[in-house]
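A.B. asks: no sequence on this one, just coordinates:
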């Protein structure tokens, strides 16, 4: 065989190997948008443990309003203390508005105006400057709520809403303080599974206070208990919790020492599988702490489940040890009269330091 023939044969072999590897990647990840995003971002480091740079710069304006996004965070430069900043989380129970586009086969029913006003009253009464929302419809619904808060003299200029295809109920965050990183993911492949995904994704943003303090805030909404197959729904919640725990593990290892808060409607009580997975973490360094807020009567329930006639603690806040050591107390539950009209869930809060 001639020298040129050998070179041609070698090039064909290299081409075959490249195509083989590409085919294996496609088969392995099944076109999963989240995995492909991480692969695409791999060469670009944020400077923090090789973490990919934030991917929010291409988002439509109605989905996010942020400050210029940071590609790296200097953990050592973050102040260790400061004035408390209140965080509130609220499942606002199907906060849909007129004109919204459905992302599922269901017909959307706008939330009554009285209930929307009540949601704004609950948030206004809390004194929160950062608000995590569950079951908000989408960009139009978030703007509707922001306008009602503005009418009460409350301006939340920074926001992120996370609509997911196939799910009309979205996660969102409102903030007085700039959002400086956005790692939110609409499509998240379930832990140790090839194709199934989290139903509502993972909201994941970092906010920065005027004094330089940073807080990374995650939001999740796990599978509802209202299902034809309760066992299958419980299994999916468990897998979603493992997926979120994996995400937390990545954060605590890539941004060690950064205060972290995880809020969500887990559709599981504190002793059930999903919260326990977050408490234990996938490793010791990724274990979280759960807050136990109470209302004015010393009660902890956040949802009255009419069908089962039971009081449930499905809305819960978790924090990492770094943040827990700085905090005082457990927070509280909003139980003003408007809370009954706002949602079937009660809003809970805590003070970040």
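C.D. replies: Everything's here; your move. Here the structure is a predicted model, which is why all the values come from computation and not from measurement.

A.B. asks: Now stretch 247-263: buried residues?
C.D. replies: 247-252, 254-255, 258-263 (16 or more other Cβ atoms under 10 Å). For every residue, glycine as well, the C-beta is placed using N, CA and C.

A.B. asks: what's the most distant pair in those residues?
C.D. replies: Longest distance between any two of the buried residues of stretch 247-263 is 20.6 Å, between 254 and 263; criterion Cβ to Cβ.

A.B. asks: Serialize the buried residues of stretch 247-263 to JSON lines and add fields for distance to residue 302 and pLDDT.
C.D. replies: Below are these laid out as JSON lines (distance: Cβ to Cβ, whole Å; pLDDT from 0 to 100):
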{"residue": "247", "distance to residue 302": "23", "pLDDT": "97"}
{"residue": "248", "distance to residue 302": "22", "pLDDT": "98"}
{"residue": "249", "distance to residue 302": "27", "pLDDT": "97"}
{"residue": "250", "distance to residue 302": "28", "pLDDT": "96"}
{"residue": "251", "distance to residue 302": "25", "pLDDT": "97"}
{"residue": "252", "distance to residue 302": "26", "pLDDT": "95"}
{"residue": "254", "distance to residue 302": "31", "pLDDT": "95"}
{"residue": "255", "distance to residue 302": "29", "pLDDT": "96"}
{"residue": "258", "distance to residue 302": "27", "pLDDT": "96"}
{"residue": "259", "distance to residue 302": "23", "pLDDT": "97"}
{"residue": "260", "distance to residue 302": "21", "pLDDT": "98"}
{"residue": "261", "distance to residue 302": "17", "pLDDT": "98"}
{"residue": "262", "distance to residue 302": "16", "pLDDT": "98"}
{"residue": "263", "distance to residue 302": "12", "pLDDT": "98"}
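
A.B. asks: Narrow those to those in helices?
C.D. replies: Using DSSP state H, the subset of the buried residues of stretch 247-263 located in helices is 247, 248, 249, 250, 251, 252, 254.

A.B. asks: how much space between the closest residue in space to the first one that isn't next to it in sequence and residue 211?
C.D. replies: Beyond its immediate neighbours in the sequence, the residue positioned closest to residue 247 (Cβ to Cβ, 6 or more residues apart in numbering) is residue 202, lying 5.8 Å away. Separation of residue 202 from residue 211 (Cβ to Cβ, to the nearest Å): 28 Å.

A.B. asks: more crowded one of these two?
C.D. replies: residue 202 (25 against 11; other Cβ atoms under 10 Å).

A.B. asks: who's the more buried one bridged to?
C.D. replies: Beta-bridge pairing for residue 202 (DSSP bridges): residue 185.

A.B. asks: Contacts only, for it.
C.D. replies: 184, 185, 188, 218, 219, 220, 243, 244, 247 (Cβ atoms under 8 Å, 6 or more residues apart in numbering).

A.B. asks: what do you get for residue 328?
C.D. replies: Contact analysis of residue 328 by Cβ under 8 Å, 6+ apart lists 84, 351, 353.

A.B. asks: Not counting its neighbours along the chain, what's nearest the second one?
C.D. replies: Which is residue 351. residue 84 (3.9 Å).

A.B. asks: distance of that neighbour from residue 327?
C.D. replies: With Cβ to Cβ as the criterion, residue 84 and residue 327 are 9 Å apart.

A.B. asks: Quick check: neighbours shared by the two?
C.D. replies: Contacts common to residue 84 and residue 327, judged by Cβ under 8 Å, 6+ apart, are 351, 352, 353.

A.B. asks: Highest neighbour count among those?
C.D. replies: Neighbour max across these (other Cβ under 10 Å) = residue 352, 23 neighbours.
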